[in-house]
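S.K.: Sequence first, then the predicted structure, then my questions.
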There are 4 protein chains.
Amino acid sequence: MIHVTIYNEFLHEQNNEKIRAIYPDGIHMCIKRFLECDDISVKTITLEDVQNGISDELLKGTDVMLWWGHMAHEKVPDEVAKKVQQEVLSGMGIIFLHSGHHSKPFRLLMGTSCNLTWREDGDYERVWVVKPAHPIARGLGRFIYIPEVETYGEPFDVPEPDVTVFIGGYEGGEVFRSGLCYRRGNGKIFYFQPGHESFPIYKIPDVQTVIRNAVRWAYPDGRAAIDCPHVTKPGTEG
Amino acid sequence: MIHVTIYNEFLHEQNNEKIRAIYPDGIHMCIKRFLECDDISVKTITLEDVQNGISDELLKGTDVMLWWGHMAHEKVPDEVAKKVQQEVLSGMGIIFLHSGHHSKPFRLLMGTSCNLTWREDGDYERVWVVKPAHPIARGLGRFIYIPEVETYGEPFDVPEPDVTVFIGGYEGGEVFRSGLCYRRGNGKIFYFQPGHESFPIYKIPDVQTVIRNAVRWAYPDGRAAIDCPHVTKPGTEG
Amino acid sequence: MIHVTIYNEFLHEQNNEKIRAIYPDGIHMCIKRFLECDDISVKTITLEDVQNGISDELLKGTDVMLWWGHMAHEKVPDEVAKKVQQEVLSGMGIIFLHSGHHSKPFRLLMGTSCNLTWREDGDYERVWVVKPAHPIARGLGRFIYIPEVETYGEPFDVPEPDVTVFIGGYEGGEVFRSGLCYRRGNGKIFYFQPGHESFPIYKIPDVQTVIRNAVRWAYPDGRAAIDCPHVTKPGTEG
Amino acid sequence: MIHVTIYNEFLHEQNNEKIRAIYPDGIHMCIKRFLECDDISVKTITLEDVQNGISDELLKGTDVMLWWGHMAHEKVPDEVAKKVQQEVLSGMGIIFLHSGHHSKPFRLLMGTSCNLTWREDGDYERVWVVKPAHPIARGLGRFIYIPEVETYGEPFDVPEPDVTVFIGGYEGGEVFRSGLCYRRGNGKIFYFQPGHESFPIYKIPDVQTVIRNAVRWAYPDGRAAIDCPHVTKPGTEG
């Protein structure tokens, strides 16, 4: 069983009628519904939950976390962000969705500004598969077509990724590295660009396929902090 | 003084009137003219020259080679391709232009098929700067605009690059990693996508800037083969 | 079921009494015995087999190939080496063992000389785990101890790896990147340094663990050549 | 002119007689003396200086910073660490020395724990050159010999580096990635392991050569923050 925890700040869906119409019970519930299956179980938490902290029990019991935030990154306590970072370094997988590029845990894990260029014109995007045999691209064709998106553009200030799985091309001609894999400490990280709240992007089957694949890919290979032991000379341990 | 040698197969310009009109004395002469300056000297060679081999003297005297080929990759002798590969491993810089992705030396250095997806509709391309402070992007704005190009698309079967400097976005929505840096052995390699023979792309100032920057970037940091020495235990050499 | 094919040139074991004493029926048979289990089946081939070619059927039916060669790299036909390279690019996993660093398929896939520094004094080696949660390091402690080895030293002329899983430290103070992961095309490649024929290294349980782990890691994520299609503009396919 | 600023916490040299005997006026002054030359000017700052902050003027006027800290990492204010991180992302080069692996700016830039294994037995180390033509290895032989060091061992919890320039091998058989290059944002980062305060390591000519080379390598290619602009559709800017 893969234990997934979805964090969604869950503000747009409550504050904006148009967005509520798309995701009546929140983006997290939409994702939960398409993820849950025989061997994937899903918990969800929102900004309200994490504002007073996040329990060790929850983190230790999570194999893969998903993170969706946008307008309230700063309201996530620093201590929560640091605990999430530490847990990833100990092996927990994590998937940052869309505007999660500016979330505290992503910035802590990348070490860079994670800035990018953007506009919001409802353009279409084609998310091109750069690594056709990568497990995260399994089941896709040459590209994913998304009829309406927020456009993100380069430069995207992140470290050179381990693998560039997807690159998006937008109606206006911009490009953006839309699907990026990183290994940090013992954990695996995937950033996936599609998912602007104003359009029903998480209802697109190919987008759901990517997130499902990414959950399986990010499942921990091992779970332990890399610590800083004082050791004795090899051969003199006895 | 930086000693550059440009290889251009020089067939299109002789066989096709439209292309001859753009590059009357060959792509190599166009590039030579904009590259040559106080501290860059340029030699040129063509398919006719290399069909009987390439001299050690020429290679050892070359700091950075440029390679443009398209329809006659297979006519470049295997021995020439291997010598170029060896010289790059010994430190010579090399810049592969456009359809040079399928040239023998590039394939030898990458170890992959170097296949890609393509169409030729005269679309425009925007070559986006992904690494704004990279020495190869010096002097550019956010993107290079190329009014008419051959479209190249992902997947581009090359190893994950050391640095992705440019990504191109095309009129039709395709994307392509247009500017890629690699270090192999002691040498530096840059692949740069723009340069289809049917359009006057090497006359665009920003394209010239990139090639000029890349020549300076690819200049050898050192020049020696990495060999395979039999050694004695450290401390017992004397 | 994971279908493994082991290539072993199988000359030392026939020509040298001391080595035959260690591996009476060949290194390949030793590896076959510890690899075979409920879900791993193993075929073996030797230099004699491949000198007249290698069948498509064998390659297509192989999920992961292991390659051990040393004194007869040049006797492997170029066409065999190229077919192996192509199959890796199409997704077949491959594990190069010890002196396989100089084999033709490894050099073709790396694009570099694959040279290294060496001496043969029967020193001990500690193979240190650099990535403790990597699937290839599963089940190991901090290091693998190998009482007698051939010493390999840096510089090792290979492309910067995707992941450095192991680094070896030798009695004489040398170091060597002993376990390296690469992705090329659709295939996964692992290089593993231990395995000199003069010592019973493949009988060490931790070494067996690594090879077993690597076979599972290298299992194809997908199996198809990345080709070079001529396409039409997206949206105009119909 | 390259403007270097050296940060040294400067506590060991004041608190410990043995260390003061090695570096009477501090590690920073030793490094300053061997670095300063016609085109390199050096400023120095200590923990006392940064405890009340660090001026924008100093950072903007620094091309390359060196960072030596050990026992008082936590006394460096968070705001100072963040400003240093931001300045690196804007292009300032930085070199972290020895125990600087646990400094706040290094951990912020790496995003990982930066933990490692260690012991302090006064063993010798050989720092092996992995990339012989890299500009940071210019002028060195096959290795740097350091008669007495603090031993650092793998796993070293940092992101996979862009280039592994050096790997150290210790008397006890441990190994450690001793010289690592990273690009983050517009800035270049080099980590260099030698430099334990209890031994006169910065007086070894080869160690001085590496630091001098690294300063030249880390010099900014450009100097500007990568920001997060809201843009209009390309072609509609006018």
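M.R.: That came through, no problem.

S.K.: residue ranges for the strands of chain A, please.
M.R.: For chain A, applying DSSP state E gives strands covering A:2-8, A:40-46, A:64-68, A:93-97, A:117-129, A:143-153, A:163-170, A:175-184, A:187-192.

S.K.: Same list (these) but as CSV, adding mean neighbour count and mean pLDDT.
M.R.: C-beta coordinates here come from the backbone N, C-alpha and C atoms, glycine included. Compiled in CSV, the strands of chain A are given as follows (neighbours: other C-beta atoms under 10 Å in any protein chain shown; pLDDT from 0 to 100):
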stretch, mean neighbour count, mean pLDDT
strand A:2-8, 23, 98
strand A:40-46, 18, 98
strand A:64-68, 26, 98
strand A:93-97, 26, 98
strand A:117-129, 20, 94
strand A:143-153, 21, 95
strand A:163-170, 26, 97
strand A:175-184, 25, 98
strand A:187-192, 25, 98
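
S.K.: Name all residues that make contact with the residue nearest the centre of chain A.
M.R.: Among the residues of chain A, the one closest to the centroid is A:F96, at 1.6 Å (C-alpha atoms, centre = their mean). Residues in contact with A:F96 (C-beta atoms under 8 Å, 6 or more residues apart in numbering or on different chains) are A:W67, A:S103, A:P105, A:F106, A:I189, A:F190, A:Y191, A:F192.

S.K.: Tell me how many other residues crowd A:G100.
M.R.: By other C-beta atoms under 10 Å in any protein chain shown, 26 other residues sit near A:G100.

S.K.: Would you mind stating the distance between A:D123 and A:T151?
M.R.: Per C-beta to C-beta, to the nearest Å, A:D123 is found 5 Å from A:T151.

S.K.: for A:K104, same thing?
M.R.: A:K104 is 24 Å from A:T151, by C-beta to C-beta.

S.K.: Chain C contacts on chain A?
M.R.: Residues of chain A lying close to chain C (C-beta under 8 Å from any C-beta of the partner chain) are A:91, A:126, A:131-135, A:138, A:143, A:162-163, A:183, A:185-186, A:220-224, A:226, A:234.

S.K.: Which of the residues you listed are buried? Put it as a PyMOL command.
M.R.: One line in PyMOL is enough to select the buried members of those, burial here meaning 16 or more other C-beta atoms under 10 Å in any protein chain shown:
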select buried, chain A and resi 91+126+131+132+133+134+138+143+162+163+183+185+186+220+221+226+234
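
S.K.: same for chain B: which of the residues of chain A next to chain C are within range?
M.R.: With C-beta under 8 Å from any C-beta as the criterion, these include A:R126, A:K131, A:P132, A:D162, A:V163 near chain B.

S.K.: Can I get those in TSV including distance to chain D?
M.R.: Formatted as TSV, those follow (distance: C-beta to the nearest C-beta, whole Å):
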residue	distance to chain D
A:R126	16
A:K131	17
A:P132	23
A:D162	7
A:V163	11
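
S.K.: and those, which two are the farthest apart?
M.R.: Using C-beta to C-beta, the two most remote members of these are A:R126 and A:D162, lying 23.3 Å apart.

S.K.: what residues does the longest helix anywhere in chain A touch?
M.R.: Secondary structure of chain A per DSSP state H: the longest helix is helix A:205-218. For helix A:205-218, the surrounding residues in contact (C-beta under 8 Å, 6+ apart) are A:2, A:4, A:31, A:34-35, A:40, A:63-64, A:66, A:93-95, A:97, A:135-141, A:144-146, A:166, A:179, A:181, A:187-190, A:192, A:194-195, A:201-202.
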